[in-house]
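Undergrad: from the sequence below, what's the structure:
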Amino acid sequence: MKAVMVAVHSVISIALIYMVLHQMGRFAELGGAFGSGSLHTMFGRQKGLDTGGKITLVLCVAFVVSSIITAVFISG
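TA: Presented below is the predicted three-dimensional model:
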């Protein structure tokens, strides 16, 4: 079971890294790294999350949960 959890955690980690880097590509300027992605919108920051943002949020939650579960399996 330990090996399965480590493999699942690794897949989630790689997917999360890919999604974060993919979103950083949209705001490739220097200020994009610090959250100034609202520079190019007419009325300020866009409200809500797009599909990529929702996927990233789900992967973040899955990463935290799998980190805890993997730690429990490895320690026990």
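
Undergrad: for Leu57, what are its contacts?
TA: Leu49 (C-beta atoms under 8 Å, 6 or more residues apart in numbering). (Glycine included, C-beta is placed from N, CA and C.)

Undergrad: low pLDDT regions in the chain?
TA: For the chain, the stretches with pLDDT under 70 are 25-47.

Undergrad: quick one: the helices in it?
TA: Remark: helices assigned in the chain by DSSP state H are 2-24, 51-75.

Undergrad: what's the angle from the shortest one to helix 51-75?
TA: By that I understand helix 2-24. Here helix 2-24 runs at an angle of 150 degrees relative to helix 51-75 (axes from the mean of the first three to the mean of the last three C-alpha atoms, to 10 degrees).

Undergrad: who touches helix 2-24?
TA: Contacts of helix 2-24 (C-beta under 8 Å, 6+ apart): 32-33, 52-53, 55-56, 59-60, 62-63, 66-67, 69-70, 73-74.
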